[in-house]
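Undergrad: for reference, the sequence and a predicted model appear below.
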Amino acid sequence: MPIEIKVPALGESVTEATVGQWFKQQGDAVAADEPIVELETDKVTVEVPAPSAGVLTEIKVPQGGTVAVGAVLGAIDSGPARADAATPKAAAGPTPAPAPHAQKSAAQPAAPAAPKPSPAAEPVGDGAMPPAPAARKIMAEEGLSAAEVAGSGRRGQILKEDAEAAVARRAADQAAAAAGKTLPASMPVPAHALRAPSGPNDAAREERVRMTRLRQTIARRLKEAQTTAAMLTTFNDVDMSAIMKLRAEYKELFEKRYHVKLGFMAFFVKACVQALREVPAVNAEIDGEDIIYKNYYHIGVAVGSDRGLVVPVLREADRLSFAEIEQAIADFGRRAREGKLSIEEMQGGTFTISNGGVYGSLLSTPILNAPQSGILGMHRIEDRAVVRNGQIVARPIMNLALSYDHRLVDGREAVTFLVRVKEFLEDPQRLVLEL
Amino acid sequence: MAGSYDLIVIGTGPGGYVCAIRAAQLGLKVAVIEKRATHGGTCLNIGCIPSKALLHASERYEEARHHLAGMGIEVAPKLNLAGMQAFKDQGVKGNVDGVAYLLKKNKIEVFHGLGTLQAPGRVKVARDGAAPEQLEARSIVIATGSDVARLPGIDIDEESVVSSTGALSLPQVPKRLLIIGAGVIGLELGSVWRRLGSEVLTVEFLDRILPGTDAEVARSLQRLLMKQGMSFKLSSKVTQITKNGAQQKVMIEPAAGGAPIGVEADVVLVAVGRVPYTDGLGLEAAGVQLDNKKRIVVDARYQTNVAGLYAIGDVIAGPMLAHKAEEEGIAVAETLAGQAGHVNYDAIPNVIYTFPEVATVGKSEEELKAANVAYKVGKYPFTANARAKVNKTTDGFVKILADAGSDRILGVHIIAAAASEMIAEATAILEFGGSAEDLARTCHPHPTLTEAVKEAALAVDKRAIHA
């Protein structure tokens, strides 16, 4: 009894995913709820559990294919073996097997001439018309998904001529890009701009690796933020002496009590929340002709992982204690490395903190995490000669950068915000008193 | 090395020769190896093609005996079995010669002999009375097909106990023919000999004929065949056959166990299915992985676990059908040429050439129920079809199963005099993902049997005109 394995709901605004590794091969037995395939989405990697126990009879979309929510990934045969297995004596002739492609082992793209995996050539959902057979073949060979081809057939079916037109259009786009033709500003840069060929000696030493979906999303969103926002950055520096002293004094007690290290992040989160309260524009976003001020504080904390940068969100950060913030961040970091963060955990941030200091950055201009209007960049702490009360003294100093969307944040507001963050950090007692 | 090729295909049945021709069309240098003297494999030599010749001829005989008089044609037909066999042989020859011509036309080199894998990319062809030939190729496709499945304790001598091969060439009409297995082969050959005068009893282990086929269709066909004079013993198994002079004493036992009964027959046909044929191929030495039914395991591109070695058709999983093997052959050839190769297993039709014929494509009602798919049924009987009425071939119906939500057609099941020709339309619409309404809004010529397909599509929405 074949049961379809479908792409689950992936969270708000996530409509498609790239198929990652299949943990099971065709013909493998699976237990109910056992993870069988990995989906890479814009934000996280999700494991799809088996809808029931049985045998994985079909892998419809191989690794690398693009699928929409609800699309069929494969099938599990949950039923017992067909009756003919039990009839060695007088069974019938070669009657049709209900699952014709059962028991073929999983696809291992091995042949060098292997065609590109067909991304969305398979029917999506129940009601959709699948592409016509000839169109399906062209799309598979050209790596076109159903979303990239406008269907002109009955009920929007993609016909052979539609697939051919899409291929021709893409070729024309590439030719235009290669010819260096100026494209109208409103037109997006073609996704597949033609690359100038490498020299014969160099080509063999190049490695072409497909961007993961996460990397593609990072690339697209960063560029969108740069194109949309009137982005600029203001700088300041902060004397970390007070916080370092406080930390040195209480770090053991804190760790003993809360089983988590007292780091700098909790101070920065607290300082930013307090500053955001005072300068609400930095916590706002533009929606068409409106500005939406958010009277809640969901702080995104950029966390590096080997899959790329992810930004889990500390929800209601204004209500969290130091220990709760540190615990949450430690948990995010651990799960980011394991690829176990959920999409929901990365959505809905109102402001972002990015710590390039852990990698040794002296100064940087972070790019906004759209549609947010502010992002704080932390940097490395180093002892610098500074003047205090007329004396030159060594103090641990960190550079701070605030990139902001000048469309809704005035320069005065941005500078004030950063100064307030500096004040809170240099005198953490202000955090307690909310001064 | 006698020759070096882009592709060597072992076996020139429907899968193998089609694969070879498609690869040659795409510019590959191709050789084929065939064990038989003629091309076409089981299908053309001892399967689909000769059985269709006998089915066609025996149907004409039955028509002459029983139906022509009703049309005002008075004849006194007399059976010349040798003549009918000659008619069959001519049909086979025409087809196998056609394949030889096509191979030649496509400049495919032919080696007759037994092909054995030597090493990755190397095949030895053993030939009678000549030194073996060594061939090499970048890719090798195994398309060696299948062989008759046997029953333990029952020897097939192809005279009194026969397989489908022997049943196609019986020298005289047996008075009593006992058939083991109510699958497609048993029902087709049973129909041939019943029409030519045999008493036919079919013993089936399961409680139904044609397992896997839509149950309503199978039940209807069984009723119609019984009306024609065929007998069935379901839920029963043959445990022993003993020779008693020219007679065979066949012991039949209830499948669930119980007292056996003895039945006499002149000829017993063993038609319990087919098994993959891989003898002498050297699969074990090459380390080729087989599944528990001795089928070659392949990936989605039909490649075995040995790189460059592919397999298609009856030697791999899936229905043992010539047209399924052909599609796989095309897919492999196109994949090797760098194109996308794909077989849509949800749209492979299946035909049983009894009278009336049964043709189905897509899902049966049982499959849809098991998969919890909500579906609508549109059914239309041929008793209401104008052409069937004038022809007096009103047995059967068309049944269309469509998704209850999207109206997409999921399965089409036809019992009709010309079901084999009518199913192509259903397969095309399934391949295109069409709905019952799409089919209902497609003009069908009048008066034809195909109007019943349109009416069944209308009936999905409960608006058949002629019902």
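TA: The structure has been received and is ready for your questions.
Undergrad: show me the helices in chain A, by range?
TA: A:133-142, A:160-178, A:200-203, A:213-228, A:241-258, A:265-278, A:322-338, A:411-426, A:429-433 (DSSP state H).
Undergrad: chain B too?
TA: Residue ranges of the helices in chain B, as given by DSSP H, are B:14-25, B:41-46, B:48-62, B:81-105, B:164-167, B:184-195, B:215-227, B:283-286, B:322-336, B:365-370, B:386-391, B:419-431, B:436-440, B:451-460.
Undergrad: okay, the ones you listed in a markdown table with distance to chain A, mean pLDDT and mean neighbour count next?
TA: For glycine as for every other residue, the C-beta is placed from the backbone atoms N, C-alpha and C. Converted to a markdown table, the helices of chain B look like this (distance: least, Cβ to the nearest Cβ, whole Å; pLDDT from 0 to 100; neighbours: other Cβ atoms under 10 Å in any protein chain shown):
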| stretch | distance to chain A | mean pLDDT | mean neighbour count |
| --- | --- | --- | --- |
| helix B:14-25 | 12 | 98 | 27 |
| helix B:41-46 | 11 | 97 | 24 |
| helix B:48-62 | 11 | 98 | 20 |
| helix B:81-105 | 19 | 97 | 15 |
| helix B:164-167 | 8 | 97 | 21 |
| helix B:184-195 | 4 | 98 | 26 |
| helix B:215-227 | 10 | 96 | 17 |
| helix B:283-286 | 15 | 91 | 16 |
| helix B:322-336 | 6 | 97 | 25 |
| helix B:365-370 | 4 | 95 | 17 |
| helix B:386-391 | 26 | 96 | 16 |
| helix B:419-431 | 5 | 96 | 20 |
| helix B:436-440 | 7 | 93 | 22 |
| helix B:451-460 | 15 | 97 | 26 |
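Undergrad: of all the ones you listed, which one is nearest A:Leu435?
TA: helix B:365-370 (70.0 Å; Cβ to Cβ).
Undergrad: list every C-alpha atom in that closest one, with coordinates, as CSV.
TA: Taking Å, rounded to 0.1, in the frame of the first residue of the first chain, the C-alpha atoms of helix B:365-370 are listed here in CSV:
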residue,chain,number,x,y,z
GLU,B,365,-10.1,0.6,-7.0
GLU,B,366,-8.3,-1.7,-4.5
GLU,B,367,-5.1,0.3,-4.8
LEU,B,368,-6.9,3.6,-4.3
LYS,B,369,-8.8,2.3,-1.3
ALA,B,370,-5.6,1.0,0.3
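Undergrad: wait, B:Asp291 touches B:Val297, no?
TA: Yes. Using Cβ atoms under 8 Å, B:Asp291 is in contact with B:Val297, at 5.3 Å.
Undergrad: please name whichever of the helices of chain B is nearest to A:Leu144.
TA: Closest among the helices of chain B, once you apply Cβ to Cβ, is helix B:322-336, at 17.5 Å.
Undergrad: elements contacting that closest one?
TA: Contacts defined by 3 or more Cβ pairs under 8 Å, 6 or more residues apart in numbering or on different chains; DSSP states H and E place helix B:322-336 against strand B:3-10, helix B:14-25, strand B:130-142.
Undergrad: that helix to helix B:14-25, inter-axis angle?
TA: 30 degrees (axes from the mean of the first three to the mean of the last three Cα atoms, to 10 degrees).
Undergrad: which residues in the stretch 201-350 of chain B form strands?
TA: Taking DSSP state E, counting those that start in this stretch as the test, the strands found in the stretch 201-350 of chain B are B:231-233, B:236-244, B:247-254, B:261-265, B:267-270, B:274-276, B:309-311, B:350-352.
Undergrad: likewise the stretch 1-150 of chain A?
TA: Counting by DSSP E, counting those that start in this stretch, the stretch 1-150 of chain A has strands at residues A:2-6, A:16-22, A:29-30, A:35-40, A:45-49, A:54-59, A:66-68, A:72-77.
Undergrad: right, and those strands - which one's nearest chain B?
TA: Chain B sits nearest to strand A:2-6 of all the strands of the stretch 1-150 of chain A, at 5.8 Å, using Cβ to the nearest Cβ.
Undergrad: what's the average pLDDT for that closest one?
TA: Strand A:2-6 shows a mean pLDDT of 82.
Undergrad: could you do stretch A:371-386 as well?
TA: Averaging pLDDT along stretch A:371-386 yields 94.
Undergrad: and the closest residue to chain B within the stretch 251-400 of chain A, how many neighbours?
TA: Residue of the stretch 251-400 of chain A nearest chain B, by Cβ to the nearest Cβ: A:Gly339 (26.4 Å). By other Cβ atoms under 10 Å in any protein chain shown, the residues close to A:Gly339 number 18.
Undergrad: also A:Arg154?
TA: A:Arg154: 13 surrounding residues under other Cβ under 10 Å.
Undergrad: re earlier: could you dump the helices of chain B into a markdown table and include distance to A:Arg319?
TA: Listed next are the helices of chain B as a markdown table, based on distance: least, Cβ to Cβ, whole Å:
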| stretch | distance to A:Arg319 |
| --- | --- |
| helix B:14-25 | 68 |
| helix B:41-46 | 75 |
| helix B:48-62 | 76 |
| helix B:81-105 | 79 |
| helix B:164-167 | 79 |
| helix B:184-195 | 72 |
| helix B:215-227 | 63 |
| helix B:283-286 | 68 |
| helix B:322-336 | 59 |
| helix B:365-370 | 52 |
| helix B:386-391 | 78 |
| helix B:419-431 | 58 |
| helix B:436-440 | 57 |
| helix B:451-460 | 58 |
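Undergrad: A:Val55 is nearest to which of the ones you listed?
TA: Closest to A:Val55 of the helices of chain B, according to Cβ to Cβ: helix B:365-370, at 14.6 Å.
Undergrad: what parts of the stretch 151-300 of chain B come near chain A?
TA: B:151-152, B:180-187, B:203-206, B:209-213, B:236-239, B:255, B:271-274, B:289, B:291, B:295, B:297-300 (Cβ under 8 Å from any Cβ of the partner chain).
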